[in-house]
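Q: Show me the folded form of this:
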Amino acid sequence: MRVMTDNTNNQLFNACSFIQAGQQEDYRVRLVWAAPATVAPVARISAAQTASCNGVIQFRDSSRFQPETWMWNFGDGQTSSLKNPLHQYVASGTYTVKLKVTNTIGADSITRTNYISVSGISGIIAPSCYPNVATPSPNNGTTRVRFGNLDKTSALASVDGGYVDYSCTDSAVVTITGFQGINLTVNSGNANTAENCKVYIDYNNDGLMEDFEQVLNSQNNIVHTTVVTPSVFQCLGVPVRMRVITDNRFNQIYNSCYNPAQGQVEDYSVKITNPASTASVKNLPSILVYPNPSTGIFNISGFGNGRMDWEVCDMSGRKVASGVEANISSDRQLDLRDLPAGLYQVKVTTQSGPVVKRISVQK
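A: Numbering: from 1, shown residues only. Sure thing, here's the model as predicted:
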């Protein structure tokens, strides 16, 4: 396979065109033909974790004999036709999960009673996006993360799944003195597979993990390491999300919402402490969004007087609504009835800073 790029003023005519200012790269590609199914599928259900404190569960289809369609029933009234769905439960409880798979030969179903246990939905603030890995590889993924008192080992992407949220069970407590740096080390891939890696810490606790919150950028390595100087004034004493992304060394990781082709995304909880510090945690407004769930009409209160910026994103991080309100002195009503049923993030920004709330639109 030949890939050719050149300046916009230079036209590429064919595979042998002369390149003046760009680049030509050749790759080897193997096309694999999948034989049609000869027997009916056998349904199997698995999940990276079956217990959650924030309601997020990554399901995986482990069915045999080439299923071609999937129908999941998560036990909370919601369904999905994806092969490996990421599901958000909105209430604590125990849930029975069902899966029906089909191919051209036949169909099969499985029920796992009380398979998922959700102990709460108020863990660390939910991220603005949940990455999806196209083909979790047996050679790619994160195998160990060390930061503060955290030392977590895990399996590669094909075993643990493309996205794994450890934020409920695995937390790094980082104690700093002044501007002391803390070592962060990520091991990835098998012994012979170098990968790219990026790590983000949601310092301002708004769920976005933006570019300025990137703390590690390592290319074409098996062991990725850096020294992190935490931002104590923004998240001292407050648990926030840390996202670790790894992927094949040929795939560039663009941002915290990047969907790896073969690698893995793992989320952790980080709490930065400094017993000798007199710095106080940044005071953010106590925003209330109610009723929640709602059919689409939500009230926002608690932001005080003055300007308010708001935006609504779906769980993939795509902005679906936004607005600016000036000189607001009372509750503000948002009309989101045009949005389809589902979970969304509402980000409200005032003079005191941003606050992100999760809402549910039900039809």
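Q: Please parse this structure into its domains.
A: Domain assignment for the chain by automatic domain parsing gives 1-31, 45-118, 142-273, 288-361.
Q: among the ones you listed, which is nearest residue 39?
A: Checking these against residue 39 by Cβ to Cβ gives domain 45-118 as the closest, at 5.1 Å. For the C-beta atoms, the positions are set from N, CA and C on the backbone; glycine is no exception.
Q: average pLDDT across that closest one?
A: Confidence for domain 45-118, expressed as mean pLDDT, is 91.
Q: picking that back up, out of the domains of the chain, which gets nearest to residue 125?
A: Residue 125 sits nearest to domain 142-273 of all the domains of the chain, at 4.9 Å, using Cβ to Cβ.
Q: picking up where we left off before, deepest-packed of the domains of the chain, please.
A: domain 142-273 (a mean of 20; mean count of other Cβ atoms under 10 Å).
Q: and it, how far apart are its ends?
A: 26 Å (Cα to Cα, to the nearest Å).
Q: same deal with stretch 93-111?
A: 17 Å.
Q: Equivalent analysis for stretch 3-17, please.
A: 12 Å.
Q: what's residue 265 in contact with, if anything?
A: 131, 133, 162, 163, 164, 243, 244, 245, 246 (Cβ atoms under 8 Å, 6 or more residues apart in numbering).
Q: helices and strands of the protein: which one has the lowest mean pLDDT?
A: Lowest by mean pLDDT, DSSP states H and E among the helices and strands of the chain is helix 232-235, with a mean of 52.
Q: could you point out which element follows it?
A: Downstream of helix 232-235, the first helix or strand assigned by DSSP states H and E is strand 240-248.
Q: what are the ranges of the strands in the stretch 51-200 of the chain?
A: Secondary structure of the stretch 51-200 of the chain (DSSP state E, counting those that start in this stretch): strands at 51-52, 56-61, 69-73, 79-80, 86-88, 93-102, 107-118, 142-147, 150-153, 163-165, 171-175, 182-188, 195-201.
Q: Sheet-wise, list the partners of the longest one with their directions.
A: Under the criterion DSSP bridges, strand 107-118 sits next to strand 51-52 (parallel), strand 93-102 (antiparallel) in its sheet.
Q: got it, and the third one?
A: Under the criterion DSSP bridges, strand 69-73 sits next to strand 79-80 (antiparallel), strand 93-102 (antiparallel) in its sheet.
Q: now the last one
A: Sheet pairing of strand 195-201 (DSSP bridges) gives strand 214-221 (antiparallel), strand 240-248 (antiparallel).
Q: Not counting the shortest one itself, show me its contacts.
A: This points to strand 214-221. By Cβ under 8 Å, 6+ apart, strand 214-221 touches 184, 186, 188, 194-201, 224-226, 228, 249, 256.
Q: about what we covered before: ok, so of the contacts of residue 265, who is nearest residue 5?
A: Comparing those against residue 5 with Cβ to Cβ picks out residue 245 as the nearest, at 25.1 Å.
Q: who touches that closest one in this structure?
A: So residue 245 contacts 131, 197, 198, 199, 200, 253, 256, 258, 260, 263, 264, 265 (Cβ under 8 Å, 6+ apart).
Q: Bridged to the nearest residue to the second one once chain neighbours are set aside, which residues?
A: Meaning residue 197. Distances taken as Cβ to Cβ, 6 or more residues apart in numbering place residue 224 nearest to residue 197, at 4.1 Å, with adjacent residues excluded. Going by DSSP bridges, residue 224 is paired in beta bridges with residue 186.
Q: Now render the strands paired with strand 69-73 as JSON lines, adding distance to residue 348.
A: Listed next are these as JSON lines, based on distance: least, Cβ to Cβ, whole Å:
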{"stretch": "strand 79-80", "distance to residue 348": "29"}
{"stretch": "strand 93-102", "distance to residue 348": "29"}
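Q: between those, which one is nearest to residue 322?
A: strand 79-80 (27.5 Å).
Q: Show the pLDDT at the spatially most central residue of the chain.
A: Taking Cα atoms, centre = their mean as the criterion, residue 130 is the residue nearest the geometric centre of the chain, at 2.9 Å. Note for residue 130: predicted pLDDT of 81.
Q: can you pull out the helices in this structure?
A: According to DSSP state H, the chain carries its helices in the segments 157-160, 232-235.
Q: pretty sure residue 230 is in contact with residue 173, am I right?
A: No: judged on Cβ atoms under 8 Å, residue 230 makes no contact with residue 173 at a distance of 11.5 Å.
Q: before we move on, back to that, would CSV of the domains of the chain with distance to residue 125 be doable?
A: CSV is the format used below for the domains of the chain (distance: least, Cβ to Cβ, whole Å):
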stretch, distance to residue 125
domain 1-31, 40
domain 45-118, 9
domain 142-273, 5
domain 288-361, 6
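Q: Between those domains, which one is closest to residue 37.
A: domain 45-118 (4.3 Å).
Q: now the end-to-end length of that closest one.
A: Domain 45-118 has an end-to-end distance of 18 Å (Cα to Cα).
Q: Check stretch 244-261 too.
A: End-to-end distance (Cα to Cα), stretch 244-261: 15 Å.
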